[in-house]
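Participant: after the sequence you'll find the predicted model.
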Amino acid sequence: MITSPPIDSVSIEERIARFTKRSIKNESKMHALKLAMSMMDLTTLEAKDTPGKVRQLCAKAMRPHEAMPDLPSAAAVCVYPTMVRVAKEALGNSGVKVAAVATAFPSGMSTRKVKLDETKFAVNEGADEIDMVISRGHFLAGEYNYVFAEIAAVKEACGEAHLKVILETGELSTLDNVRKASDIAMYAGADFIKTSTGKVQPAATLPVTLVMLKPSAIFITKKER
């Protein structure tokens, strides 16, 4: 069981206001933009995805702009599990990773067995990273142990692949829920936590991002559970 301290919403809003008013030099802006590009997942998650479209995306990930060779490559290309092998072959030894969504993305509405089988399939196809979505229904019902156990099970199924846990913050309603979900995900073994699938509005917001960057959880000892 994990307890998370409450969020001071006023302090969050004040800090966000300072961020938006800060003046940044052009040189620093360019450095930040390049850093952001180097950490980005280029993604295609549509029912009409084809091998050709995935290969085209991989080419863009490796070389974002032909006229600007100094731009960094993306961190990863994110696809459905059935397209992992195509992306893996297209990226070769470029260093760009292959990420795959799993666990009944984007709803998460499936059985644990299906979620684990999908995760293992993607890893066996060559995925370097797995993007899972938490079970928001269980979380909002207060079934935090269920959410924790599911993330831990998916982490185990990932083997050597990294696990990215998507909170779908637009459905969590409050910043306190965002913090608790962040804490649960990290203690359950997440290598990364992410705001959203991009399928729900609102998706990423500055307050949510700030809360996720500064999680603080207190473990209750096993004896107290």
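Facilitator: Everything's here; your move. Computed from a prediction, not measured in an experiment: that's the story for all the values here.
Participant: where does this structure have low pLDDT?
Facilitator: Residues of the chain meeting the criterion pLDDT under 70: 1, 215-225.
Participant: break down this protein into its helices, ranges please.
Facilitator: For the chain, applying DSSP state H gives helices covering 9-21, 26-38, 51-62, 84-91, 112-125, 136-140, 144-158, 175-187, 206-213.
Participant: ok, and for stretch 110-125, which residues are buried?
Facilitator: K115, L116, E118, T119, K120, F121, A122, V123, E125 (16 or more other Cβ atoms under 10 Å). Backbone N, C-alpha and C define where each C-beta goes, glycine included.
Participant: ignore the last one, stretch 139-158
Facilitator: Quick answer for stretch 139-158 (16+ other Cβ under 10 Å): 139, 144, 146-148, 150-155, 157-158.
Participant: show me which of the residues you listed is closest to M37.
Facilitator: C158 (25.7 Å; Cβ to Cβ).
Participant: centre-most residue in the protein?
Facilitator: K194 (3.3 Å; Cα atoms, centre = their mean).
Participant: not counting sequence-adjacent ones, nearest residue to it?
Facilitator: Of all residues not flanking K194 in the chain, I166 sits nearest, at 4.6 Å (Cβ to Cβ, 6 or more residues apart in numbering).
Participant: measure how buried that neighbour is and give me the count.
Facilitator: 23 (other Cβ atoms under 10 Å).
Participant: just list whatever residues bridge to it.
Facilitator: Taking DSSP bridges, one obtains V133, K194 as the residues bridged to I166.
Participant: tell me if I'm right that R112 and A152 touch.
Facilitator: No. Contact criterion Cβ atoms under 8 Å: R112 and A152 do not qualify, at 11.1 Å.
Participant: follow-up on the earlier one: check contacts around the residue nearest to K194.
Facilitator: If you count contacts by Cβ atoms under 8 Å, 6 or more residues apart in numbering, I166 has them with F105, P106, D131, M132, V133, I134, I193, K194, T195, S196, T197.
Participant: 6 Å instead?
Facilitator: D131, V133, K194, T197 (Cβ atoms under 6 Å, 6 or more residues apart in numbering).
Participant: can you give me the distance of the residue nearest to E13 when sequence neighbours are not counted to D8?
Facilitator: Using Cβ to Cβ, 6+ apart and skipping the chain neighbours, the partner closest in space to E13 is P207 (6.8 Å). Distance, P207 to D8, using Cβ to Cβ, to the nearest Å: 11 Å.
Participant: neighbours around F192, how many?
Facilitator: By other Cβ under 10 Å, neighbour count at F192 equals 14.
Participant: any idea how far the nearest residue in space to it that is not next to it in sequence lies from H138?
Facilitator: Using Cβ to Cβ, 6+ apart and skipping the chain neighbours, the partner closest in space to F192 is K164 (4.2 Å). In this structure, K164 and H138 are 19 Å apart, going by Cβ to Cβ.
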